Structures are given as structure tokens and as C-alpha cells.
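Enquirer: Here's a sequence, model it:
(2 chains, ligands or ions: 2)
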Amino acid sequence: MLQLTNIDKTYRTSSVETLALNNINLNVKKGEFISVMGPSGCGKSTLLNIMGLLDEPTGGEISIDGSRVANYHDKELARLRNEKLGFIFQSFHLINDLSVLDNVEIPLLYRKTSAKVRRELAQEALEKVGLSNRMKHFPKQLSGGQKQRVAIARAIVGRPEIILADEPTGNLDSVMGNEILDILQKLNDDGATIVMVTHDDAMAQRTHRLVRLFDGTQVL
Amino acid sequence: MISNYLKLTWKVLLRHPFYTFITLFGITLTLTVLMVLTSFLDHLLGTHYPETKRDRSLYITRLVQKDTTHQGRNMGPMSFAFLKDYVKSLKTPENVGIATIFGFANTYVNGKRIKLNTKYTDADFWRVTEFDFVDGKPYTERNIDNGDHVAVITDDLRRQYFEDDEASVVGKFIDIESIKYRVIGVVKGSPVTRPYTYGDVYFPYTAPKSNYQDKGFRGRYLAIVLAKDKRDFPAIRTEYASNVGKIPLPQTDGGFTFHEMTTEANPYLEDFASVFLDGSRTTIVYSIIGFLMLMLMGLPAINLVNVNVSRIMERASEIGVRKAFGAPAKALLWQFIIENIFITLIGGMFALSLSFLIIQLINNSGWIPYADLTINFSVFAASIAVCLVFGLLSGVLPAYRMSKLKIVDALKS
Ligand SMILES: Nc1ncnc2c1ncn2[C@@H]1O[C@H](COP(=O)(O)OP(=O)(O)O)[C@@H](O)[C@H]1O
Ligand SMILES: [Mg+2]
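Expert: Ligands and ions are numbered 1, 2, ... in the order given. This is a model prediction of the structure:
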């Protein structure tokens, strides 16, 4: 459902050029749980950002559900991000000015959804991550694990086909990290397609498939 | 969608009380200064009681005589005779009223001195203006021809002199500088900021000490020329110029020999401006007023721009998050536009209330007796518009740039 063909990514700054991804080919199938591993700086985040349409590759092609996104305009890309993709970041990226509930509602704001339905869906998503008792809280009042659970609720509230998680447990201790992985596992069992970056072999063991990167090149 | 943005805005504003306060403060200050200032200018220059026909009035208040050989110059109001010969004789206007600039006199009540500003006028003065007679009526040509010792006083003077606010004082006598005048009418006073109609007591020009029989061109009189229609202004000015052009030059007036004489019939604003600048360089006055307004507005506006820009820059990561979850650039732009409009309008409301308060304070302080400052709503609308423009420029341009930012870059900040 999400296909990467010959993806290259070069970062250019005034002084240096970094080849962050080199000819990556990857086909994510429906219902898969894929883990991406590799040493720091090998291009894992870059890969995930490109899959999530948060960044553009310098070469190659991305197709989602069989259609190429290369020539899409801002509006169409926004719609794809909104409907097909859900992102989970290592550093959560919650909006501190908004309550937990408002944070979770964000993806629904850019759809035709009534305020009532928005609220119901957000409450439902928060229940799934076990945070229905923190809806009125603000991010600053939450622990790291709770923040990441809010972020997961935000990623799943719009029922996207693919969840992209960039080191979702990287900022958490192992207990909280395992809780998060349990939630992701459950989502996958319920049919969600997940691509997750991780450093943890034990976690990678629990996924269907492993993609290993080294210096921008896919080695597994 | 708009209600979403509004709700969001409200939440964001409440979450940032300090920034909200600074922004609102900037907007409120800008608008308040602008509104009070314009209200004051309007009070000075607009068409108000009792000069309610100012719109179609021309003012002849100054005569400039130049001695070109000695670089000498005389300037001031005119003699009654001059106005009678060259202004009263105009055919185009509907009417011409004549009055002195205000003078000073004393009166005493129970041994207490009351300082008075006096004005001598003809009967038409009461026709080119629209004084509100709370008692009695104005003096007529007949009073003037008879040289009657009559006077029109203000309600303020009635209160002070007769120590009575209710009973009619028409027919009673007021003793001014040892001359008894019969009160013929009582008017609601004119503020001192309208010097051509302001006074505490008005006498027929044939009353004592008016000097109306003085020969020569210069004196203490001025004329308010009421046109039938504003469009007659050029014709009146031309006619007046031609009347004055008949005076042979050089002339000697009170021992002063002059080779040039200029006098103009001007709308009030230009007449006012020519007090500060002789000649008709009114563009300079407009420029100065414009510049001052710009300065007064500019500082808070710059503050506004600053606050807005930093407010948006701080929210780069929010923009990144929203985009990552499907916000199109346009939606983000709208969010910031609505935020700006919303906060500007709130500031506008504060400014309106504050201006009302300040203006009421000025009106009631007695700082200017009979002050009647009002909020000019077209000015209010214009100030809001200016604020919106500033708000949008300062809010939308950075927001536009931010909304075009690559998501990964926005998220990093
Ligand atoms: N915005 C950027 N500009 C320049 N170089 C970058 C940028 N982002 C990442 N890189 C470089 O690209 C390589 C891959 O980075 P990244 O994908 O973040 O690695 P990982 O997530 O595997 O640690 C690194 O060498 C990193 O320094
Ligand atoms: Mg990374």
C-alpha cells in the first residue's frame, strides 16, 4: 500500500552534502508491522519522514495505494497525510497550548467532522491508550509515557491506514516503553499497518519484518 | 470552520495571558490615541454647535499688509468699516455675519469679580450661526440702529451673575464696566476652541466700546460668510478678491504705508491653518498633522508587528505538527488571519470604551468649557481598518512564510 522505489535523499547545506538515503526500495503491505533499525545517523528518521510525506526525496518515487505522489500539490499531500498517515514522534510534539483532548482532535480539524463527532472520536482514541481520565490536562502536566500515549491517540484518531513511529519509546524508560509497544501491537492486531524505528532488538523481535539501514543504504 | 478557529484563538489567547496583554495593549493604545486625537481635531475643526453651518461658511479673519520697501508687515483682523464695504456688499453669499474677536471685561456680583469675554456682533451674526436660545432672543437690526444697551449672555454667566438657573432673566439688567445692559437673550455657550463664536456676553456692535466707527482697514472685526451652497465658495472668493482689488495701492493705514494687501475668504480648516502659517500653505499643515498621526500610530504599530512576528515564530513547531497531521497551508494561514482579526477587534472594543471614557473626562473636566468631543465613528472604523492592516501584515506575512515551511524544518524548531 506504500511503496518506495529507488529513493535517494541528499541534504545540502552551504558547506556539506550528506547522502542520507541511497537507493531505498521498500514495499509496505497492508497489516504489516515493520521495524527499522540501524546506528544513529544512518537515515532512519529521514526514511520515515519521507514515507510520512513530511519531507521530499531528492530522487525516486513514492506511491500510496498505487498512485504516485510526486506531482501532488500541497492540498493533496495534506489530504493524504490527514487520511492515510499517522505519525508518532520520539519527542511527542504535542502542542502545549492545547489540552490533551484538543491535541488528539487535531487531525480531525482538517476534515469535515462535526465538533461532537470529533470529541467522541478523540475520547475513543484516548480510551484505547488508557488516558480517558486525563482529557482536560495539558501536556506539561503529563509524564513522558502519558505524553507518548496522547501522541498515539492523535496518530490513530483519524483511523489512518499506516502509522509511522520514529523511536516512539526512545525517550521513555523500559517499563513505559513496553506499555507503548503493547499498545502498538494491539493496534496492529486490530489491522493497522505500522512502521516503527527502534534501537531495541527485543522490540524489533515482536514485529513482522526488519529493515536495517547502514549509512543510508538498506542492508536488510 | 471559522468557529473552530475562533475557539482555538480564544484558547491560545487565554493560554498566553502575557502576550495577549501586550498585543491588546499595543492595539488598544494605538486606537485610543488615534480616536481621542481625531475626536479633538474634529472638535476643533469640524462642524459643531453653534457653528453648525461651518460646512458652507467661509471665514474672513485676517488682513495682511506688506511694506515691500522696508520689509514691514502688519497682520490682524479688520475694521467694521472694511467688512461693511467689502464683505457685506458681496452678492453671492446667502448672508454675512460680523463679530469682533473676543475682548475682556469685568463684572461684579456681590463684590465678587467675574471675568468676561465680550463680543460685539451685528444681527446677521445670529443668522450665520445657530445658537441655542434657552431664554429670550437675539438682538435685531432695530436694536442696533437704536444703539440699545442690550446683551445676549450665556447660560453660564446667567448662573453666575443672577445666581439662578431657572427663572427668566430677560429684561433684567447686567452691569458691565459701569454700563447697564438689558438682557435680551440667554444662549447655551460656545466652547473657547471656537473663538469666532465664543464669548460670555454679546453686544450689538453699536454698543459702547465696540470701536465700530474706527476708520482704516484694520481693527477687531471678522466676518463669517455663509454660502447658499458649498459649491459657491470659488465664486465668493473671486468676488471678494475683486472687491478688495478695487482698493488703490499703496495706501497708508494708521501711519503704516503698504504696497501689498492680502486677505482671503477661507473654509474654517484653512483659516485655522493660516493662523500658524501665513499664506495658503495648508498642505504643510496637513502634512504635519499626518506626520504626527503617523508617529503616534507608528510606535504602537511597530510594537504590534513585533509582538505578532515573535508570536508566530514561536509557534513554528505547532505549524509543523498541524501540517504533519494534514493541515493544508491555506488552513493555517486562515487560522492566523482569524486570530489577528479577532484580537484586533477585541483591542478595538477596549479602545472604543477607553476613548469614550477619556472623552467624557475631557468634556466633564471643565478644561474646555462647553467641550463637546465625540467619537467619530468613521474615524473609529478607519482606525480599526488600519489596525487590521498592520495586524494582517505583521501576522499574515510571517504566517504565510511559516505555512510554506517544510514540515521537518518546522518541527525541528
Ligand atoms: N536537515 C538536515 N540537514 C542536513 N543534514 C541532515 C539533516 N537531517 C539529517 N541530516 C543528516 O542525515 C543523516 C541521517 O539523519 P537521520 O535520518 O536523522 O538519522 P537517524 O534518524 O538514523 O539517526 C545524518 O548524517 C544527519 O546528520
Ligand atoms: Mg532519528
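Enquirer: Distance of the nearest residue to residue B:132 once chain neighbours are set aside relative to residue B:197?
Expert: Leaving aside its chain neighbours, residue B:132 sits nearest to residue B:188 (4.3 Å; criterion: C-beta to C-beta, 6 or more residues apart in numbering or on different chains). The way it works is simple: take the backbone N, C-alpha and C, and place the C-beta from them, glycine included. With distances taken as C-beta to C-beta, to the nearest Å, residue B:188 is found 12 Å from residue B:197.
Enquirer: So for the two, which sits in the more crowded spot?
Expert: When neighbours are counted by other C-beta atoms under 10 Å in any protein chain shown, residue B:197 comes out ahead of the other of residue B:188 and residue B:197, with 25 against 14.
Enquirer: Torsion angles phi and psi at the more buried one?
Expert: Note on residue B:197: its backbone torsions stand at phi -120, psi -10 [degrees, to the nearest 10].
Enquirer: so which helix or strand takes in the residue lying closest to it once chain neighbours are set aside?
Expert: Spatial nearest neighbour of residue B:197, excluding adjacent residues (C-beta to C-beta, 6+ apart): residue B:190 at 4.5 Å. Using DSSP states H and E, residue B:190 sits in no helix or strand.
Enquirer: now do residue B:349
Expert: Here residue B:349 sits within helix B:329-365, counting by DSSP H and E.
Enquirer: Any buried residues in that helix, and which?
Expert: B:329, B:331-344, B:346-348, B:350-352, B:354-356, B:358-359, B:362-363 (16 or more other C-beta atoms under 10 Å in any protein chain shown).
Enquirer: what number of residues lie near residue B:226?
Expert: For residue B:226, using other C-beta under 10 Å, the count is 21.
Enquirer: do the same with residue B:176
Expert: So residue B:176, with other C-beta under 10 Å, has 25 neighbours.
Enquirer: show me the contacts for it.
Expert: Shown in contact with residue B:176 (C-beta atoms under 8 Å, 6 or more residues apart in numbering or on different chains): B:105-107, B:116, B:118, B:151, B:201.
Enquirer: Would you list the buried entries among these?
Expert: Using 16+ other C-beta under 10 Å, the buried members of those are B:105, B:107, B:116, B:118, B:151, B:201.
Enquirer: Mind telling me what element the third one is part of?
Expert: Looking back up the chat, that one is residue B:116. Using DSSP H and E, residue B:116 falls in strand B:112-121.
Enquirer: one step back: farthest-apart pair in the contacts of residue B:176, please.
Expert: Greatest spacing in the contacts of residue B:176, by C-beta to C-beta: B:106 and B:151 (14.5 Å).
Enquirer: Can you tell me the closest non-neighbouring residue to whichever residue of the stretch 1-150 of chain B sits closest to chain A?
Expert: Closest to chain A within the stretch 1-150 of chain B is residue B:15: 4.3 Å, counting by C-beta to the nearest C-beta. Ranked by C-beta to C-beta, 6+ apart and with sequence neighbours excluded, the top spatial neighbour of residue B:15 is residue A:97, at 4.3 Å.
Enquirer: you'd agree the one you found is up against residue B:318?
Expert: Yes - here residue A:97 reaches residue B:318: they are 7.5 Å apart, a contact under C-beta atoms under 8 Å.
Enquirer: Those two: which has the busier surroundings?
Expert: Neighbours were tallied for residue A:97 and for residue B:318 using other C-beta under 10 Å; the higher tally belongs to residue B:318 (24 against 18).
Enquirer: quick one: contacts for residue B:133?
Expert: The neighbourhood of residue B:133, defined by C-beta under 8 Å, 6+ apart, consists of B:185-187.
Enquirer: what ranges do the helices span in chain A?
Expert: Here chain A has its helices, by DSSP state H, at A:44-51, A:74-84, A:100-109, A:115-128, A:144-156, A:174-189, A:201-205.
Enquirer: what's in contact with the shortest one?
Expert: So the one you mean is helix A:201-205. Against helix A:201-205 from outside (C-beta under 8 Å, 6+ apart): A:35, A:37, A:169, A:177, A:181, A:196, A:198, A:210.
Enquirer: got TSV for those residues, with pLDDT, distance to residue B:219 and neighbour count too?
Expert: Compiled in TSV, the contacts of helix A:201-205 are given as follows (pLDDT from 0 to 100; distance: C-beta to C-beta, whole Å; neighbours: other C-beta atoms under 10 Å in any protein chain shown):
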residue	pLDDT	distance to residue B:219	neighbour count
A:35	96	103	22
A:37	96	103	22
A:169	91	97	26
A:177	89	99	22
A:181	92	101	21
A:196	96	98	26
A:198	94	100	23
A:210	95	107	14
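Enquirer: neighbours of the residue in the stretch 301-413 of chain B that chain A sits nearest to, just the number please.
Expert: Of all residues in the stretch 301-413 of chain B, residue B:326 sits closest to chain A, at 2.3 Å by C-beta to the nearest C-beta. Residue B:326 is flanked by 26 other residues according to other C-beta under 10 Å.
Enquirer: what about it, which helix or strand?
Expert: Per DSSP H and E, there is no helix or strand for residue B:326.
Enquirer: wait, residue B:53 sits on residue B:225?
Expert: No - using C-beta under 8 Å, residue B:53 is not in contact with residue B:225; the gap is 10.6 Å.
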